[in-house]
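Enquirer: Kindly generate the corresponding structure for this input.
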Amino acid sequence: MVPSLNNQTMLLSLKLTVIVIGLWFGAAIAELQRFQHPAKADGSLSVLVVGDWGRKGTHNQSEVAVQMGKTADKLNPDFIISTGDNFYEDGLTGTDDPAFAESFTNIYTAPSLQKQWYSVLGNHDYRGDALAQLSPILSQRDSRWFCLRSYVLDAEIVEFFFVDTTPFEDKYFSDPEDSTYDWRGVLPREEYLSNVLKDVDKALRESSANWKIVVGHHTIKSAGQHGNTVELVAKLLPILQANNVDLYINGHDHCLQHISSSDSPLQFLTSGGGSKAWRGDVSWWNPTEMKFYYDGQGYMTLEITQTEVGFTFYDIFGNVLHKWSTHLRSRTIDSAIRREFSLC
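Expert: Model prediction:
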(Lines give C-alpha, C1' and ligand atoms only; values in the text may rest on other atoms or scores of the structure.)
Protein backbone atom coordinates (compact mmCIF):
# COMPACT_ATOMS: atom_id res chain seq x y z
CA MET A 1 0.00 0.00 0.00
CA VAL A 2 1.40 3.40 -1.01
CA PRO A 3 1.44 5.79 1.97
CA SER A 4 -0.55 9.00 1.67
CA LEU A 5 1.19 12.32 1.17
CA ASN A 6 0.36 13.32 4.74
CA ASN A 7 1.81 10.10 6.18
CA GLN A 8 4.93 10.45 4.05
CA THR A 9 5.31 14.04 5.17
CA MET A 10 4.94 13.13 8.84
CA LEU A 11 7.76 10.60 8.55
CA LEU A 12 9.93 13.00 6.60
CA SER A 13 9.25 15.80 9.08
CA LEU A 14 10.28 13.64 12.03
CA LYS A 15 13.57 12.79 10.36
CA LEU A 16 14.04 16.34 9.16
CA THR A 17 13.53 17.75 12.66
CA VAL A 18 16.48 15.75 13.98
CA ILE A 19 18.64 16.86 11.04
CA VAL A 20 17.78 20.54 11.38
CA ILE A 21 18.50 20.52 15.12
CA GLY A 22 21.97 19.26 14.26
CA LEU A 23 22.40 21.99 11.66
CA TRP A 24 21.32 24.73 14.02
CA PHE A 25 23.93 23.65 16.57
CA GLY A 26 26.64 23.13 13.96
CA ALA A 27 26.77 19.35 14.33
CA ALA A 28 28.33 17.45 11.43
CA ILE A 29 26.30 14.67 9.80
CA ALA A 30 28.44 11.60 9.19
CA GLU A 31 26.83 10.59 5.92
CA LEU A 32 24.02 11.52 3.58
CA GLN A 33 20.55 11.05 5.00
CA ARG A 34 18.45 8.56 3.03
CA PHE A 35 14.74 8.77 2.34
CA GLN A 36 12.38 6.51 0.42
CA HIS A 37 9.62 7.23 -2.04
CA PRO A 38 7.69 4.29 -3.54
CA ALA A 39 7.47 3.76 -7.28
CA LYS A 40 4.17 2.99 -8.98
CA ALA A 41 2.60 -0.45 -8.63
CA ASP A 42 4.10 -1.52 -11.97
CA GLY A 43 7.58 -0.48 -10.82
CA SER A 44 7.78 2.62 -13.02
CA LEU A 45 8.38 6.18 -11.90
CA SER A 46 7.37 9.59 -13.30
CA VAL A 47 8.82 12.91 -12.14
CA LEU A 48 8.41 16.61 -12.98
CA VAL A 49 11.51 18.83 -12.73
CA VAL A 50 11.50 22.63 -12.51
CA GLY A 51 14.04 25.17 -11.33
CA ASP A 52 14.64 28.87 -10.73
CA TRP A 53 10.99 29.65 -10.15
CA GLY A 54 10.17 31.59 -6.97
CA ARG A 55 9.02 35.03 -8.15
CA LYS A 56 5.53 35.31 -6.62
CA GLY A 57 3.98 34.39 -9.95
CA THR A 58 5.76 37.04 -12.03
CA HIS A 59 8.02 36.52 -15.06
CA ASN A 60 5.51 33.90 -16.27
CA GLN A 61 6.00 31.67 -13.22
CA SER A 62 2.22 31.29 -12.94
CA GLU A 63 1.92 30.41 -16.63
CA VAL A 64 4.61 27.74 -16.33
CA ALA A 65 2.80 26.36 -13.26
CA VAL A 66 -0.46 26.08 -15.21
CA GLN A 67 1.21 24.04 -17.95
CA MET A 68 3.00 21.88 -15.39
CA GLY A 69 -0.41 21.06 -13.97
CA LYS A 70 -1.74 20.06 -17.38
CA THR A 71 1.28 17.87 -18.08
CA ALA A 72 0.97 16.32 -14.64
CA ASP A 73 -2.68 15.48 -15.34
CA LYS A 74 -1.47 13.16 -18.10
CA LEU A 75 1.77 11.98 -16.53
CA ASN A 76 0.56 11.40 -12.95
CA PRO A 77 4.00 12.15 -11.46
CA ASP A 78 5.11 10.37 -8.32
CA PHE A 79 6.83 13.55 -7.11
CA ILE A 80 8.33 16.84 -8.27
CA ILE A 81 11.97 17.96 -8.10
CA SER A 82 13.08 21.57 -7.67
CA THR A 83 16.63 22.32 -8.82
CA GLY A 84 16.98 25.37 -6.57
CA ASP A 85 16.67 29.15 -6.50
CA ASN A 86 13.32 28.52 -4.94
CA PHE A 87 12.77 32.11 -3.73
CA TYR A 88 14.07 35.25 -5.44
CA GLU A 89 15.91 37.48 -5.06
CA ASP A 90 17.25 36.77 -1.60
CA GLY A 91 15.68 33.55 -0.38
CA LEU A 92 13.34 33.67 2.61
CA THR A 93 13.64 36.01 5.58
CA GLY A 94 12.46 33.25 7.92
CA THR A 95 9.90 30.48 8.29
CA ASP A 96 7.10 33.05 8.55
CA ASP A 97 8.03 34.84 5.32
CA PRO A 98 4.84 35.25 3.21
CA ALA A 99 6.97 34.67 0.10
CA PHE A 100 6.76 30.94 0.81
CA ALA A 101 3.02 30.95 0.12
CA GLU A 102 3.20 33.66 -2.53
CA SER A 103 5.84 31.83 -4.59
CA PHE A 104 4.98 28.20 -3.83
CA THR A 105 1.69 27.30 -2.17
CA ASN A 106 -0.42 29.86 -4.05
CA ILE A 107 1.21 29.18 -7.43
CA TYR A 108 1.34 25.40 -7.86
CA THR A 109 -2.32 24.88 -7.12
CA ALA A 110 -3.32 22.27 -9.72
CA PRO A 111 -4.61 19.05 -8.12
CA SER A 112 -2.03 17.10 -10.14
CA LEU A 113 0.80 19.08 -8.49
CA GLN A 114 -0.24 18.19 -4.96
CA LYS A 115 2.64 15.74 -4.71
CA GLN A 116 5.80 15.70 -2.64
CA TRP A 117 8.37 18.28 -3.79
CA TYR A 118 12.05 17.40 -3.23
CA SER A 119 14.24 20.49 -3.36
CA VAL A 120 17.83 21.69 -3.12
CA LEU A 121 19.11 25.14 -2.23
CA GLY A 122 20.31 27.53 -4.92
CA ASN A 123 22.66 30.48 -4.56
CA HIS A 124 19.72 32.91 -4.25
CA ASP A 125 18.31 30.75 -1.44
CA TYR A 126 21.60 31.14 0.44
CA ARG A 127 21.26 34.93 0.22
CA GLY A 128 18.40 34.76 2.71
CA ASP A 129 17.75 32.58 5.76
CA ALA A 130 18.92 29.27 4.30
CA LEU A 131 17.96 27.34 7.43
CA ALA A 132 14.35 28.49 7.05
CA GLN A 133 13.98 26.39 3.90
CA LEU A 134 15.35 23.36 5.75
CA SER A 135 12.93 23.76 8.63
CA PRO A 136 10.07 21.29 9.23
CA ILE A 137 7.94 24.34 10.00
CA LEU A 138 7.56 24.90 6.27
CA SER A 139 6.43 21.30 5.81
CA GLN A 140 3.74 22.01 8.39
CA ARG A 141 2.64 25.05 6.39
CA ASP A 142 2.59 23.06 3.14
CA SER A 143 2.96 19.28 3.39
CA ARG A 144 4.45 19.07 -0.11
CA TRP A 145 7.65 20.88 0.88
CA PHE A 146 10.88 18.97 1.56
CA CYS A 147 14.33 20.51 1.36
CA LEU A 148 17.77 19.55 2.67
CA ARG A 149 21.31 20.44 1.67
CA SER A 150 22.46 16.99 0.42
CA TYR A 151 20.57 13.71 0.67
CA VAL A 152 19.63 10.47 -1.09
CA LEU A 153 16.13 9.63 -2.29
CA ASP A 154 15.60 5.91 -2.88
CA ALA A 155 12.77 5.43 -5.36
CA GLU A 156 13.30 1.68 -5.77
CA ILE A 157 14.47 1.39 -9.40
CA VAL A 158 16.37 4.69 -9.24
CA GLU A 159 18.27 6.62 -6.61
CA PHE A 160 18.44 10.41 -6.68
CA PHE A 161 21.48 12.01 -5.06
CA PHE A 162 20.78 15.64 -4.16
CA VAL A 163 23.97 17.70 -3.77
CA ASP A 164 24.41 21.12 -2.16
CA THR A 165 26.44 22.86 -4.89
CA THR A 166 26.43 26.53 -3.81
CA PRO A 167 29.31 26.22 -1.29
CA PHE A 168 31.55 24.87 -4.09
CA GLU A 169 31.63 28.22 -5.93
CA ASP A 170 34.70 30.26 -4.92
CA LYS A 171 33.18 33.58 -5.98
CA TYR A 172 30.58 33.48 -3.22
CA PHE A 173 33.43 33.49 -0.69
CA SER A 174 35.74 35.96 -2.47
CA ASP A 175 34.94 38.89 -0.15
CA PRO A 176 35.45 37.99 3.54
CA GLU A 177 33.43 41.07 4.51
CA ASP A 178 30.43 39.95 2.46
CA SER A 179 27.75 38.70 4.86
CA THR A 180 25.12 38.34 2.13
CA TYR A 181 25.22 34.55 2.16
CA ASP A 182 23.97 32.46 5.06
CA TRP A 183 26.85 30.03 5.68
CA ARG A 184 25.57 28.61 8.96
CA GLY A 185 26.20 24.86 8.90
CA VAL A 186 28.69 25.22 6.03
CA LEU A 187 31.78 26.68 7.72
CA PRO A 188 34.57 25.69 7.88
CA ARG A 189 34.08 25.44 4.14
CA GLU A 190 36.88 23.06 3.16
CA GLU A 191 35.80 20.52 5.76
CA TYR A 192 32.18 20.81 4.62
CA LEU A 193 33.05 20.29 0.94
CA SER A 194 35.36 17.39 1.75
CA ASN A 195 32.56 15.67 3.65
CA VAL A 196 30.02 16.28 0.86
CA LEU A 197 32.33 14.78 -1.77
CA LYS A 198 33.24 11.83 0.41
CA ASP A 199 29.62 11.12 1.30
CA VAL A 200 28.35 11.44 -2.28
CA ASP A 201 31.10 9.12 -3.50
CA LYS A 202 30.30 6.57 -0.79
CA ALA A 203 26.55 6.68 -1.46
CA LEU A 204 27.07 6.26 -5.20
CA ARG A 205 29.52 3.37 -4.77
CA GLU A 206 27.14 1.55 -2.45
CA SER A 207 24.09 2.07 -4.67
CA SER A 208 22.66 -0.99 -6.39
CA ALA A 209 19.89 0.94 -8.16
CA ASN A 210 19.36 0.40 -11.88
CA TRP A 211 19.71 4.13 -12.44
CA LYS A 212 21.68 6.83 -10.64
CA ILE A 213 20.63 10.46 -11.03
CA VAL A 214 22.41 13.39 -9.35
CA VAL A 215 20.58 16.69 -8.76
CA GLY A 216 22.29 19.98 -7.94
CA HIS A 217 21.55 23.64 -8.50
CA HIS A 218 24.70 24.65 -10.36
CA THR A 219 25.70 23.62 -13.85
CA ILE A 220 28.58 21.27 -14.57
CA LYS A 221 28.42 21.75 -18.34
CA SER A 222 26.36 24.54 -19.86
CA ALA A 223 26.26 26.87 -22.85
CA GLY A 224 24.12 29.31 -20.88
CA GLN A 225 25.00 32.55 -19.10
CA HIS A 226 26.82 30.92 -16.19
CA GLY A 227 28.63 28.36 -18.31
CA ASN A 228 30.56 25.50 -16.74
CA THR A 229 31.04 25.56 -12.98
CA VAL A 230 34.79 24.93 -12.87
CA GLU A 231 34.78 23.87 -9.22
CA LEU A 232 32.21 21.15 -9.92
CA VAL A 233 34.04 20.04 -13.06
CA ALA A 234 37.21 19.60 -10.99
CA LYS A 235 35.74 18.08 -7.83
CA LEU A 236 32.31 16.52 -8.43
CA LEU A 237 32.38 15.42 -12.08
CA PRO A 238 35.14 12.78 -11.61
CA ILE A 239 33.06 11.17 -8.86
CA LEU A 240 29.98 11.03 -11.09
CA GLN A 241 31.92 9.50 -13.95
CA ALA A 242 33.70 6.95 -11.74
CA ASN A 243 30.36 5.77 -10.34
CA ASN A 244 28.45 5.44 -13.64
CA VAL A 245 25.93 8.20 -12.97
CA ASP A 246 23.33 8.39 -15.72
CA LEU A 247 22.02 11.94 -15.44
CA TYR A 248 23.16 15.16 -13.80
CA ILE A 249 20.22 17.56 -13.48
CA ASN A 250 20.64 21.23 -12.52
CA GLY A 251 19.09 24.67 -12.69
CA HIS A 252 21.02 27.98 -12.30
CA ASP A 253 21.06 28.82 -16.01
CA HIS A 254 17.57 30.03 -16.92
CA CYS A 255 17.09 27.75 -19.89
CA LEU A 256 16.36 24.17 -20.92
CA GLN A 257 19.37 22.19 -22.08
CA HIS A 258 20.72 18.71 -22.88
CA ILE A 259 24.44 18.06 -23.32
CA SER A 260 25.86 14.58 -23.88
CA SER A 261 29.24 13.71 -22.42
CA SER A 262 31.95 12.80 -24.92
CA ASP A 263 33.83 10.60 -22.46
CA SER A 264 31.07 8.80 -20.51
CA PRO A 265 27.35 7.90 -20.79
CA LEU A 266 26.57 10.81 -18.43
CA GLN A 267 23.95 13.29 -19.69
CA PHE A 268 23.86 16.90 -18.45
CA LEU A 269 20.35 18.39 -18.17
CA THR A 270 19.39 21.95 -17.26
CA SER A 271 15.87 22.69 -16.08
CA GLY A 272 16.04 26.31 -14.96
CA GLY A 273 13.10 27.78 -16.87
CA GLY A 274 10.58 28.05 -14.07
CA SER A 275 10.16 31.82 -14.36
CA LYS A 276 12.58 34.46 -15.70
CA ALA A 277 14.42 33.31 -18.83
CA TRP A 278 17.53 34.71 -20.53
CA ARG A 279 16.60 35.17 -24.18
CA GLY A 280 19.50 34.96 -26.61
CA ASP A 281 22.06 34.19 -23.92
CA VAL A 282 23.85 31.15 -25.31
CA SER A 283 27.47 30.36 -26.11
CA TRP A 284 28.78 28.10 -28.86
CA TRP A 285 29.04 24.43 -27.92
CA ASN A 286 30.32 21.39 -29.79
CA PRO A 287 27.24 20.25 -31.78
CA THR A 288 28.16 16.58 -31.27
CA GLU A 289 27.56 17.13 -27.54
CA MET A 290 24.83 19.80 -27.61
CA LYS A 291 21.65 17.82 -28.19
CA PHE A 292 19.20 20.58 -27.26
CA TYR A 293 19.16 24.20 -26.08
CA TYR A 294 16.13 26.42 -25.50
CA ASP A 295 16.52 29.92 -24.08
CA GLY A 296 12.94 30.23 -22.85
CA GLN A 297 10.71 29.15 -19.99
CA GLY A 298 9.58 25.60 -19.33
CA TYR A 299 10.23 22.40 -17.42
CA MET A 300 11.06 18.76 -17.93
CA THR A 301 9.77 15.31 -17.04
CA LEU A 302 11.46 12.00 -16.29
CA GLU A 303 9.95 8.60 -17.02
CA ILE A 304 11.82 5.63 -15.60
CA THR A 305 11.34 1.85 -15.69
CA GLN A 306 13.54 -1.07 -14.74
CA THR A 307 15.18 -1.02 -18.17
CA GLU A 308 14.71 2.49 -19.57
CA VAL A 309 15.10 6.11 -18.52
CA GLY A 310 13.86 9.00 -20.63
CA PHE A 311 13.22 12.71 -20.33
CA THR A 312 11.14 15.30 -22.15
CA PHE A 313 11.44 19.10 -22.22
CA TYR A 314 8.32 21.30 -22.50
CA ASP A 315 7.89 25.01 -23.19
CA ILE A 316 5.53 27.42 -21.45
CA PHE A 317 2.70 26.37 -23.76
CA GLY A 318 3.15 22.68 -22.99
CA ASN A 319 4.71 21.88 -26.37
CA VAL A 320 7.23 19.05 -26.45
CA LEU A 321 10.61 20.52 -27.40
CA HIS A 322 13.00 17.58 -27.02
CA LYS A 323 12.90 13.92 -26.01
CA TRP A 324 15.67 11.41 -25.26
CA SER A 325 15.89 7.93 -23.74
CA THR A 326 18.33 5.10 -23.15
CA HIS A 327 18.00 1.43 -22.24
CA LEU A 328 19.86 -0.31 -19.46
CA ARG A 329 21.53 -2.77 -21.84
CA SER A 330 22.79 -0.08 -24.23
CA ARG A 331 24.09 1.95 -21.33
CA THR A 332 25.97 -1.09 -19.95
CA ILE A 333 27.52 -1.87 -23.35
CA ASP A 334 28.51 1.77 -23.86
CA SER A 335 30.20 1.87 -20.44
CA ALA A 336 32.08 -1.35 -21.15
CA ILE A 337 33.34 -0.05 -24.52
CA ARG A 338 34.55 3.17 -22.93
CA ARG A 339 36.36 1.25 -20.16
CA GLU A 340 38.02 -0.97 -22.77
CA PHE A 341 39.31 2.01 -24.75
CA SER A 342 40.53 3.71 -21.58
CA LEU A 343 42.70 0.64 -20.85
CA CYS A 344 44.31 0.61 -24.32
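Enquirer: where does the stretch 151-300 of the chain have low pLDDT?
Expert: 176-177 (pLDDT under 70).
Enquirer: Tell me which stretches of it form strands.
Expert: Ranges of strands in the stretch 151-300 of the chain, per DSSP state E, counting those that start in this stretch, are 151-154, 158-163, 211-216, 247-250, 256-260, 267-271, 290-294, 298-304.
Enquirer: any chance of these in a markdown table, with distance to residue 138 too?
Expert: Placement of C-beta: from N, CA and C, glycine included. Formatted as a markdown table, these follow (distance: least, CB to CB, whole Å):
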| stretch | distance to residue 138 |
| --- | --- |
| strand 151-154 | 16 |
| strand 158-163 | 17 |
| strand 211-216 | 19 |
| strand 247-250 | 23 |
| strand 256-260 | 27 |
| strand 267-271 | 22 |
| strand 290-294 | 31 |
| strand 298-304 | 22 |
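Enquirer: Let me have those in TSV, adding mean neighbour count as columns.
Expert: What follows is these, written out as TSV (neighbours: other CB atoms under 10 Å):
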stretch	mean neighbour count
strand 151-154	21
strand 158-163	25
strand 211-216	25
strand 247-250	26
strand 256-260	23
strand 267-271	25
strand 290-294	17
strand 298-304	24
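Enquirer: Show me the one of those that comes nearest residue 185.
Expert: Across these, residue 185 has its closest neighbour in strand 151-154 (13.8 Å, CB to CB).
Enquirer: tell me how far that closest one is from the chain's mean position?
Expert: The chain centre lies 12 Å from the centre of strand 151-154; the measure is CA atoms, centre = their mean, to the nearest Å.
Enquirer: Relative to residue 175, which of the strands of the stretch 151-300 of the chain is closest?
Expert: Nearest to residue 175, of all the strands of the stretch 151-300 of the chain, is strand 211-216, at 23.7 Å by CB to CB.
Enquirer: by contact count, what packs against the closest one?
Expert: Packing partners of strand 211-216 (3 or more CB pairs under 8 Å, 6 or more residues apart in numbering; DSSP states H and E): strand 158-163, strand 247-250.
Enquirer: Which of the ones you listed sits closest to residue 51?
Expert: Each of the helices and strands packed on strand 211-216 was scored for nearness to residue 51 using CB to CB, and the closest is strand 247-250 (7.4 Å).
Enquirer: Can you tell me the strand partners of that closest one and which way each runs?
Expert: The sheet places strand 247-250 alongside strand 211-216 (parallel), strand 267-271 (parallel), with pairing taken from DSSP bridges.
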